[in-house]
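Visitor: I would like the atomic coordinates for the input below:
(2 chains)
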Amino acid sequence: MRTDTPTINRRSFIIGTAAVSGGLALGLRIPLGGEVAHAQDSAPEVTAWVVIRPDDTVVVRIARSEMGQGTLTGLAQMVAEELECDWAKVTTEYPTPGESVKRKRVWGDFSTGGSRGIRTSHDYVRKGGATARTMLIQAAADAWGVPASECKAANSVITHQPSGRTVTYGKVASAAAKLTPPADVVLKDPQDWKLIGKPLKRLDTINKLTGAQVYGADLKLPGMLNATIKDCPVFGGKVKSFETTKVQGMPGVRHVLQVGDSAVAVVADTWWQAKTALDALPVVWDEGPNAMVSSATIAELLQTGLGADQAFVANQNGDVKTAMAGATKQVDAVYAYPFLNHAPMEPMNATARYTAERCEVWTPTQNGEAAFAATMEASGLPADKCEVYKIHIGGGFGRRGAAHDYVTQAVLIAKQIPGTPVKLLWSREEDMTHGRYHPVTQCRLVGAFDASNNLTGLHMRISGQSILSAVRPEALQQGRDPLVFQGLNPSGEFALGYSVPNLLIDHAMRNTHVPPGFWRGVNINQNAIYLECFIDELAHAAGQDALEFRRKLMSKHPKHLAVLNAVAERAGWGTPAPQGVYRGLAQMMSFNSYVAACAEISVIDGNKVKVHRIVGATDPGYAVNPAQIERQIAGSFVYGLSALFMQECTVKDGRIVQENFHTFDSMRIAQMPKVESIIMPSGGFWGGIGEPTICVAAPAVLNAFFNATGRRIRSFPLKHHGIQLV
Amino acid sequence: MARLTINGKSTDLNVDPNTPLLWALREQAGLTGTKYGCGIAQCGACTVHVDGQAVRSCVLPVSGVEGKQVTTIEGLAAGGVLHKVQQAWLEHDVPQCGYCQAGMIMAVAALLRDKPQPTDADIDTTITNICRCGTFQQVREAIHAAARA
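Guide: This next block holds a predicted model:
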């Protein structure tokens, strides 16, 4: 146990307090000397997760990144629940990755993706709170000379029950911090939770309303220069030459730099000056062989996988071939899903300051440790000479998790201007054309029926990109990418909710030069459309109601069925919809949560779709903050339906065509359906929140569209079919 | 050099007159609450008020606002008291990542001044800002709440 004052870095301390106290002059208070400073007030760290100041303020350390999804508030609730502290006194701060390295990863994983923020850290963060509570009580008992067993803590106050004496946490925190922590602590029974499960307000709202919240793009450091960058428009291409002389005399321009072998940056006094000069800079690219690739050639490549003999198998039972051969009726369909950009509102950015002795990076990141690794690699400096300060994120959706290309670039720029902090901010155009795109896939589905219209066989062949083969090849399993099969596995956190006597789900990997990434929901997006629209096709072919058809296949999957039944019941499935309104269903298991949706739409003139209402249900096991879960459900529907109706990144001459929101549109408030959330935690497991529900909105709407029009759309976005969201 | 009134203060900005107001505010005036999202007036993250009208400052050269009154998100709360839109946003816990919300709030504040009791249809035609987090349900609720305040 540490007995000295906490070594939390001043930088992260300031971010933490700025988030609640409002308007601290962030830029002016960042030490540039490079040394790790102690917290200003030397407030005692009771455990790695809990710092308590003399005024009873509780600072909860949050290792995961807040990007709008509410994990910061949820994780604080988890710690505070066990700490028995006054919620009104809770604030938060981010520990830095450099501190984590020094302290042997005491805060565990920093990665904030895969809807894992709470579900993979709930145990140790609660123990961090419980351990602190135990030590605080012990410190009070020691001071009073009474047994700790006679003392109880509630609301940041410790009471010696026999005598009625009380003391607040702030008074005993210093003494508690010097105690040896208990070897083990017992966590509360969920039925005793007072904070977990409550729809508490977020802890990070006020500064977002006044302009005081500092995002990475807003960071200012003394003496800082501003940069913007242009990477080769063709992925894999290189810089051949550029004419510095054409722009070096432009206002504010300080440096024109090559960055790595594929990018050019202008560094200027202001970002607008850098952007103006970069736009005027003549650059000749060596585009390489990828310049021959287009959306059409990629589609052709994927088509070769649909009937290929070789494929990785994920889920198999019975004998699909025999079932197909003996079928009375077969249904066969091919679907396709496009590349998508994350397009978070805040473009990629990182600020770096490099000297031969130290490299520091300030960046909005979903994974501080990955940003730290990128900093080490690009700077060439060891861990003890690097530090990363996480800045509040203006939207992540997966773009800022696995790939830290923008950090690498910022460090490579700063390295060429030692001692000068440089903020690299991408233009929206750079952001759109240098993403880590939602992978492109196609899927052929074949279903077999017997003479009694029972589904006897299902073959689902996915063809297309593997994210892991590009991002984390060491995670492949003998060449197979397990993530491809999200929602389609025989068991686990992405389990298929149907039992079919003869089943085969397999993947013919077909990779392209367009770099794939984890886009909110990842592969569950297209898998839910493929599966849930095709199940509707099968129900239609069998002449059966879409809900009843599913129910027959779901008897061994009660949790999947429960959420489906819940949305069906709430939406009034089986009862007449209002005039002109049509319904569609979908369900999936996703990131260990069970999710379902029922959409209600009407279609005007055959092509204008009004989504009136979507009832969405989730069983995430435990619901830490229902208010934030509701917001994640509705928000995920916006993200998913924006893609379904409006978005595709197409490839021409090896590059992404869409450069901004005018060609890569996103839903507006006028298009927003009423979202009704059913949160039905059944307990005993921990499911994700931020991503799971995204996948059911699209197939529910598509199934409703078929019910309204008789048209089954199998490629996306819908705008390519002349269909608009109104 | 450009002289404009920002949040009630007459301000001289040492800036090329072709610079978009957004960047003059962020980089010369030091007001970073107004956000860059697209640079082509599509997303609305850069919305400010010029002489009371909501405008997208990323495509408006600073020369076009000389002598005019510019209000940014930092100037919306008068005398330290939150504007009723900010207050409603706080009560309805509207923002998620929050990056678009300054622009959203400025657009809504202008709407409510023009139409103190907006209908849903008024909201649909006037509030066209992009929010990738998808806060629209809370935005609509909070607009109606602010209208009642």
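
Visitor: hey, let's count contacts and neighbours off CA atoms from now on
Guide: Fine.

Visitor: give the contact list for the residue nearest in space to the middle of chain B.
Guide: The residue lying closest to the centre of chain B (CA atoms, centre = their mean) is B:Met106, at 3.0 Å. Contact partners of B:Met106, counting by CA atoms under 8 Å, 6 or more residues apart in numbering or on different chains, are B:Thr47, B:Val48, B:His49, B:Ala54, B:Thr72, B:Ile73.

Visitor: Leaving out sequence neighbours, find the closest residue to the fifth one.
Guide: If I follow you right, that is B:Thr72. B:Val48 (5.1 Å; CA to CA, 6 or more residues apart in numbering or on different chains).

Visitor: At which residues are the strands of chain B located?
Guide: Remark: strands assigned in chain B by DSSP state E are B:2-6, B:9-13, B:47-50, B:53-56, B:69-71.

Visitor: ranking these by burial, who's on top?
Guide: strand B:47-50 (a mean of 26; mean count of other CA atoms under 10 Å in any protein chain shown).

Visitor: which outside residues touch that strand?
Guide: Under the contact criterion CA under 8 Å, 6+ apart, strand B:47-50 has outside partners B:34, B:54-57, B:65, B:68-73, B:102-104, B:106-107, B:110.

Visitor: repeat that with 6 Å
Guide: The contact list for strand B:47-50 (CA atoms under 6 Å, 6 or more residues apart in numbering or on different chains) reads B:Ala54, B:Val55, B:Arg56, B:Ser57, B:Gln69, B:Val70, B:Thr71, B:Thr72, B:Gly103, B:Met106.

Visitor: on that earlier part again, figure out which of the strands of chain B is closest to A:Lys423.
Guide: strand B:9-13 (21.7 Å; CA to CA).

Visitor: now the closest one and strand B:2-6, what's the angle there?
Guide: 150 degrees (axes from the mean of the first three to the mean of the last three CA atoms, to 10 degrees).

Visitor: so what strands line up beside strand B:9-13?
Guide: strand B:2-6 (antiparallel) (DSSP bridges).

Visitor: can you tell me which residues contact A:Ser499?
Guide: A:Leu553.

Visitor: tell me the SS of it?
Guide: Put simply, A:Ser499 is coil when judged by DSSP: H, G, I helix; E, B strand; the rest coil.

Visitor: and stretch B:84-91, C-alpha only, in CSV?
Guide: The C-alpha trace of stretch B:84-91 is given here as CSV (Å, rounded to 0.1, in the frame of the first residue of the first chain):
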residue,chain,number,x,y,z
LYS,B,84,-33.3,29.0,-20.4
VAL,B,85,-32.1,26.7,-23.2
GLN,B,86,-29.0,25.8,-21.3
GLN,B,87,-31.1,25.3,-18.1
ALA,B,88,-33.5,23.0,-20.0
TRP,B,89,-30.5,21.1,-21.5
LEU,B,90,-29.1,20.6,-17.9
GLU,B,91,-32.4,19.4,-16.6
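
Visitor: Tell me how the chain divides into domains.
Guide: No chain was given, so I picked chain A. A:10-210, A:222-288+A:342-433, A:307-340+A:437-725 (automatic domain parsing).

Visitor: that answer is for a different chain, and I need it for chain B
Guide: According to automatic domain parsing, the domains of chain B span B:2-75, B:84-148.

Visitor: Mind putting those into a markdown table with mean pLDDT?
Guide: Shown next, in a markdown table, are these (pLDDT from 0 to 100):
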| stretch | mean pLDDT |
| --- | --- |
| domain B:2-75 | 97 |
| domain B:84-148 | 98 |
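
Visitor: Distance to A:Val331 for the ones you listed - can I get that in JSON lines?
Guide: Shown next, in JSON lines, are those (distance: least, CA to CA, whole Å):
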{"stretch": "domain B:2-75", "distance to A:Val331": "43"}
{"stretch": "domain B:84-148", "distance to A:Val331": "37"}
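
Visitor: Get me the contact residues on chain B for chain A.
Guide: Counting by CA under 6 Å from any CA of the partner chain, chain B comes close to chain A at B:32-33, B:37-38, B:73-74, B:86, B:96-99, B:124, B:128, B:130, B:133-134, B:136.

Visitor: how deep is A:Ile417 tucked in, by neighbour count?
Guide: Residues near A:Ile417, counting by other CA atoms under 10 Å in any protein chain shown, number 18.

Visitor: ok, now which ones touch A:His612?
Guide: So A:His612 contacts A:Glu600, A:Ile601, A:Pro673 (CA under 6 Å, 6+ apart).

Visitor: Please disregard the earlier target; I meant A:Ala350.
Guide: A:Ala350 sits in contact with A:Trp362, A:Thr363, A:Val407, A:Ala410, A:Lys423, A:Leu424, where contact means CA under 6 Å, 6+ apart.

Visitor: For the last one, list each beta-bridge partner.
Guide: In other words, A:Leu424. Counting by DSSP bridges, the residues bridging with A:Leu424 are A:Ala227, A:Ala350.

Visitor: Tell me if I'm right that it and A:Pro347 touch.
Guide: No - here A:Leu424 lies out of contact with A:Pro347, judged by CA atoms under 6 Å, at a distance of 10.3 Å.

Visitor: which one of the two has more residues nearby?
Guide: Neighbour count, other CA under 10 Å: between A:Leu424 and A:Pro347, A:Leu424 has more, with 31 against 23.

Visitor: burial measure for the closest residue to chain B within the stretch 401-550 of chain A, as a count.
Guide: Nearest residue of the stretch 401-550 of chain A to chain B (CA to the nearest CA) works out as A:Arg428 at 5.4 Å. Neighbours of A:Arg428 under the rule other CA under 10 Å: 23.

Visitor: again with the one 5 residues further on
Guide: Residues near A:Thr433, counting by other CA under 10 Å, number 24.

Visitor: contacts for stretch A:435-450?
Guide: A:324, A:327-341, A:455-465, A:515-517, A:519.

Visitor: Would you mind checking those for buried ones?
Guide: A:324, A:327, A:329-330, A:334-341, A:455-465, A:515-517, A:519 (16 or more other CA atoms under 10 Å in any protein chain shown).

Visitor: Kindly report the residues of the stretch 101-250 of chain A close to chain B.
Guide: So far as CA under 6 Å from any CA goes, the stretch 101-250 of chain A lies against chain B at A:Lys208, A:Leu209, A:Thr210, A:Gly211, A:Asp218.

Visitor: try 8 Å this time
Guide: A:201-202, A:205-206, A:208-215, A:218 (CA under 8 Å from any CA of the partner chain).

Visitor: Considering only the contacts of A:His612, which also neighbour chain B?
Guide: Answer for the contacts of A:His612 near chain B: none qualify (CA under 8 Å from any CA).

Visitor: Chain B: which of those is nearest?
Guide: A:Pro673 (8.3 Å).

Visitor: what sits against that closest one?
Guide: Contacts of A:Pro673 by CA under 8 Å, 6+ apart are A:Lys610, A:Val611, A:His612, A:Arg613, A:Ile614.

Visitor: Among those, which one is most surrounded by other residues?
Guide: Neighbour-wise, the contacts of A:Pro673 (other CA under 10 Å) top out at A:Ile614, 28 neighbours.

Visitor: Dihedrals phi and psi, that residue?
Guide: The phi and psi values for A:Ile614, taken as degrees, to the nearest 10, are phi -130, psi 120.

Visitor: Give me the distance between it and chain B.
Guide: Counting by CA to the nearest CA, to the nearest Å, the gap from A:Ile614 to chain B is 12 Å.

Visitor: State the helix or strand in which the spatially closest residue to that residue that is not a sequence neighbour lies.
Guide: In this structure, A:Ile614 finds its nearest non-sequential neighbour in A:Ala599, 4.3 Å apart by CA to CA, 6+ apart. Taking DSSP states H and E as the definition, A:Ala599 sits inside strand A:593-604.
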